[in-house]
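Asker: Dropping a prediction and its sequence here:
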Amino acid sequence: MTLLSLNKVDAYYGEARILNEVSIEVGAGERVAILGRNGVGKTTVVNACLGIARVRSGAIAFHGAPQAAIRHFTAARSGIAVVPQGRRIVPGLTVRENLALGAAVNRGGKWNFDSVCALFPILRERADTPGTAMSGGQQQMLAIGRALMANPDLLILDEPSEGLAPVIVDELADTLVRLAAEKTSILLIEQNFSLVHRVAQRYYVLSKGTVVEEGSAEGMSMDNLKKHVAV
Ligand SMILES: Nc1ncnc2c1ncn2[C@@H]1O[C@H](COP(=O)(O)OP(=O)(O)OP(=O)(O)O)[C@@H](O)[C@H]1O
Ligand SMILES: [Mg+2]
């Protein structure tokens, strides 16, 4: 079953066309990656899904319903949670309060403060400290935990490995595979080939706002991709 589909989407900021006939699908329970260098339009794919970038032609559907019905402020309610690029931990709020923000939309499900802290025990240890006082890796766990608090059907992660040590990226890969096994679909936006390689079942490569390659993980080769991404 298709959870999210973009069909020949042209997306704009003002008069600037950033995406050109982009078609991408994520199935229920699937792990899909979008790869591409800086500035090719990866975040714009997320913004188009959230109604932040304007879709002038083509169509986006989630659970079969048209994207026009989804706006960034209703996305969580519809079942899309985003771990934004740069994590955006809210300064001045504790770890517990940052997590509570994610639960503002309560869709019901297995994720709550206790189950998120079972996944990332450091969040319980640091629950009453400011979120921004933690390390980059810990802040990434908080950003993922906050997104899970909405009990999403689809978790979109925008360059989660940015600024993380390789050992933390390895843990992140395991976590994402585990989440998908528990019925949360994953759309992973990345420039880090090894994270994509470990997580994704299928991938798309964006270049200058266009999908230039796509395939399944088995066929994904470094040689093929290195012209599009960092190693
Ligand atoms: N709000 C905006 N208004 C106008 N142009 C924008 C806006 N945001 C991004 N752009 C432009 O759109 C293009 C694609 O940007 P986007 O952020 O989608 O790239 P990206 O692939 O996510 O890059 P990165 O890997 O650096 O995050 C870039 O040329 C960028 O300058
Ligand atoms: Mg980006």
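Answerer: Sure thing, it's come through. Residues are numbered from 1 along each chain as shown. Ligands and ions are numbered 1, 2, ... in the order given.

Asker: When you work out contacts or count neighbours from here on, use the C-alpha atoms and nothing else.
Answerer: Fine.

Asker: in stretch 203-223, what's buried?
Answerer: Tyr203, Tyr204, Val205, Leu206, Ser207, Lys208, Gly209, Thr210, Val211, Glu214, Ala217, Met220 (16 or more other Cα atoms under 10 Å).

Asker: Can you list which of these are found in strands?
Answerer: Tyr203, Tyr204, Val205, Leu206, Ser207, Thr210, Val211, Glu214 (DSSP state E).

Asker: tell me which of these is nearest to Pro152?
Answerer: Checking those against Pro152 with Cα to Cα, the nearest one is Tyr203 at 21.1 Å.

Asker: Could I get the contacting residues of the residue nearest to the closest one when sequence neighbours are not counted?
Answerer: In this structure, Tyr203 finds its nearest non-sequential neighbour in Ala33, 4.6 Å apart by Cα to Cα, 6 or more residues apart in numbering. By Cα atoms under 8 Å, 6 or more residues apart in numbering, the residues touching Ala33 are Leu187, Leu188, Ile189, Glu190, Val196, Ala200, Gln201, Arg202, Tyr203, Tyr204.

Asker: For this protein, what lies in contact range of ligand 1?
Answerer: Tyr13, Ile18, Arg37, Asn38, Gly39, Val40, Gly41, Lys42, Thr43, Thr44 (Cα under 6 Å from any ligand atom).

Asker: helix/strand/coil for the residue nearest to Tyr203?
Answerer: strand (DSSP: H, G, I helix; E, B strand; the rest coil).

Asker: Bridged to it, which residues?
Answerer: Here Ala33 shows beta-bridge partners Leu188, Tyr203, assigned using DSSP bridges.

Asker: what about it, distance to ligand 1?
Answerer: 13 Å (Cα to the nearest ligand atom, to the nearest Å).

Asker: from now on call the first residue 23
Answerer: Let's use 23 as the start, then, which means that last one is Ala55.

Asker: and the helix or strand in which Thr66 is found, what other elements does it pack with?
Answerer: In the assignment (DSSP states H and E), Thr66 maps to helix 64-71. With contacts defined as 3 or more Cα pairs under 8 Å, 6 or more residues apart in numbering; DSSP states H and E, helix 64-71 has these neighbours: strand 38-49, strand 76-84.

Asker: now for the ones you listed, which one comes closest to Gly185?
Answerer: Gly185 lies closest to strand 38-49 among the helices and strands packed on helix 64-71, at 25.6 Å (Cα to Cα).

Asker: Buried ones in the closest one, by neighbour count?
Answerer: Ile40, Leu41, Asn42, Glu43, Val44, Ser45, Ile46, Glu47, Val48, Gly49.
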